[in-house]
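Q: Here's a sequence, model it:
(chains A and B)
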2 protein chains.
Amino acid sequence: MARQSMREEIVEAALEQFHTHGFNAAGVKDITDAAGVPKGSFYNHFDSKEALAVVALQRYGAGRRLQDLADDGVEPLARLRAHFEFLRDEIVHREFTAGCLIGNFGTEIIDHSEVLRAAVRQSLQHWAALVAAALTEAQQARTVRAGLDPDTTARFILNAWEGTLIGARADRSADDFDAFFDIVFGTLLT
Amino acid sequence: MARQSMREEIVEAALEQFHTHGFNAAGVKDITDAAGVPKGSFYNHFDSKEALAVVALQRYGAGRRLQDLADDGVEPLARLRAHFEFLRDEIVHREFTAGCLIGNFGTEIIDHSEVLRAAVRQSLQHWAALVAAALTEAQQARTVRAGLDPDTTARFILNAWEGTLIGARADRSADDFDAFFDIVFGTLLT
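A: All right, here's what the predicted structure looks like:
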């Protein structure tokens, strides 16, 4: 049990260190220090920082409430908007820093790690499939325009979201979030 | 003259090193080695890697043919499309790696460097102003729908572009570029 708890502390610390500092700037020692465990214990649990980053990315995804996108108790277009509002509010709470771990790894490290590229790709595909399903439902409910291909549109919206985080971080303001909601929900979908 | 040429070699090498490896992974020694100059010469020309990164970012922006966005010899909507096609072709040529230096710095380093955050912000603002001007002209020519606010739309399109590069790098395919052109030029603007 002690081993399992130590592993868990390393994963939680790694998620925060990677999210705050990036893959390269967060060293194994930074992570074990933040976890309050001996550096030597790291390799009892993970083969490499890269292997830990894959687990941290999965943990990050699991905390993004993606299941809400499939909650049929809420009207599909409202669900989509609430999802991005939740993600926006997280960033506002962090004073427009840190962004999205998927996008951060997606710019910093995936050209240099096939394992992390596969993990980022899978995260984006999983997320896009849920957005596409909500878009399809919204089209059936006639709240999203009929002509849009759900898969293409989902992919585009997620990309627009990831880029919006870059603009918001550069500007340290909500202006780019406002542009995202205006254009996506005010023009593109309706 | 020798000093000036050495500075130039450092800037060119830094641009390529930062673009390929990122800010943190490209060390001063990597840059001076790539430039073929002694490491000791670095600080004759730049106060810090951060100061060099600002110059590299300006150099990157200057190579993106932004002036073509204001070329009134070409119809404004065609100009916009050609601009993003040029940027896409650069990435395809690099086999879907490297992305955009503005977006890369915008995720990796701007939370930790006010100087680079200001530089990224200025790059995005300059670029967005040129896109907004082309959109305004296109609205006057009735090739872009009238209801869109040019500044908001320009900001959104650039963010969507930056995120599209993340998707394309993760997927190593042109699918995300296709989604960008389909949605922006096929639905959003027209």
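
Q: Could you pull up the mean pLDDT of the longest helix anywhere in chain A?
A: Counting residues, the longest helix found in chain A (DSSP state H) is helix A:114-140. Regarding helix A:114-140, the rounded mean pLDDT is 98.

Q: Show me what the next helix or strand along the chain from that helix is packed against.
A: Using DSSP states H and E, the next helix or strand after helix A:114-140 towards the C-terminus is helix A:150-171. For helix A:150-171, the helices and strands in contact under the criterion 3 or more Cβ pairs under 8 Å, 6 or more residues apart in numbering or on different chains; DSSP states H and E are helix A:76-93, helix A:101-108, helix A:114-140, helix A:175-183, helix B:101-108, helix B:114-140, helix B:150-171, helix B:175-183. All C-beta atoms are positioned from the backbone trio N, CA, C, and that covers glycine.

Q: if we can go back for a sec, do the longest helix of chain A and chain B come into contact?
A: Yes. With Cβ under 8 Å from any Cβ of the partner chain as the measure, helix A:114-140 is seen reaching chain B through A:117, A:120-121, A:124.

Q: Just the closest of these to B:Ala14, please.
A: The nearest member of the residues of helix A:114-140 next to chain B to B:Ala14, counting by Cβ to Cβ, is A:Arg117 at 24.8 Å.

Q: Can you turn the buried part of the residues of helix A:114-140 next to chain B into a PyMOL selection?
A: Selecting only the buried entries of the residues of helix A:114-140 next to chain B in PyMOL, with 16 or more other Cβ atoms under 10 Å in any protein chain shown as the criterion:
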select buried, chain A and resi 117+120+121+124
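
Q: need the contact list for A:Thr152.
A: B:178-179, B:182-183 (Cβ atoms under 8 Å, 6 or more residues apart in numbering or on different chains).

Q: helices or strands next to the helix-or-strand element of chain A with minimal mean pLDDT in the packing?
A: Taking mean pLDDT, DSSP states H and E as the measure, chain A has helix A:2-21 as its least confident helix or strand, at a mean of 93. Contacting helix A:2-21 under the criterion 3+ Cβ pairs under 8 Å, 6+ apart are the following elements: helix A:28-35, helix A:42-45, helix A:49-62, helix A:101-108.

Q: From the chain's centroid, how far away is the first one?
A: Looking back up the chat, that one is helix A:28-35. Relative to its parent chain, helix A:28-35 has a centroid offset of 22 Å by Cα atoms, centre = their mean, to the nearest Å.

Q: Report the buried residues of it.
A: Residues of helix A:28-35 classed as buried by neighbour count (16+ other Cβ under 10 Å): A:28, A:30-32, A:34-35.

Q: before we move on, the earlier item: indicate which one of the helices and strands packed on helix A:150-171 is closest to A:Thr190.
A: Distance to A:Thr190, taken as Cβ to Cβ, is lowest for helix A:76-93 among these, at 8.2 Å.

Q: just to revisit the earlier point, in JSON lines: the helices and strands packed on helix A:150-171, plus distance to A:Ala56.
A: Formatted as JSON lines, the helices and strands packed on helix A:150-171 follow (distance: least, Cβ to Cβ, whole Å):
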{"stretch": "helix A:76-93", "distance to A:Ala56": "16"}
{"stretch": "helix A:101-108", "distance to A:Ala56": "7"}
{"stretch": "helix A:114-140", "distance to A:Ala56": "10"}
{"stretch": "helix A:175-183", "distance to A:Ala56": "25"}
{"stretch": "helix B:101-108", "distance to A:Ala56": "16"}
{"stretch": "helix B:114-140", "distance to A:Ala56": "25"}
{"stretch": "helix B:150-171", "distance to A:Ala56": "17"}
{"stretch": "helix B:175-183", "distance to A:Ala56": "24"}
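
Q: B:Gly73 is nearest to which of those?
A: By Cβ to Cβ (comparing all of these), the closest turns out to be helix B:114-140, at 12.4 Å.

Q: and that closest one with helix A:150-171, angle?
A: Taking axes from the mean of the first three to the mean of the last three Cα atoms, to 10 degrees, helix B:114-140 and helix A:150-171 form an angle of 130 degrees between their directions.

Q: now for helix B:114-140, which elements pack on it?
A: Applying 3+ Cβ pairs under 8 Å, 6+ apart, one finds that helix B:114-140 makes contact with helix A:150-171, helix B:49-62, helix B:76-93, helix B:101-108, helix B:150-171.

Q: which one of the buried residues of helix A:28-35 sits closest to chain B?
A: Closest to chain B out of the buried residues of helix A:28-35 is A:Asp30 (12.6 Å), distances taken as Cβ to the nearest Cβ.

Q: my guess is that closest one meets A:His21, correct?
A: Yes. The criterion here is Cβ atoms under 8 Å, and A:Asp30 meets it with A:His21 at 7.3 Å.
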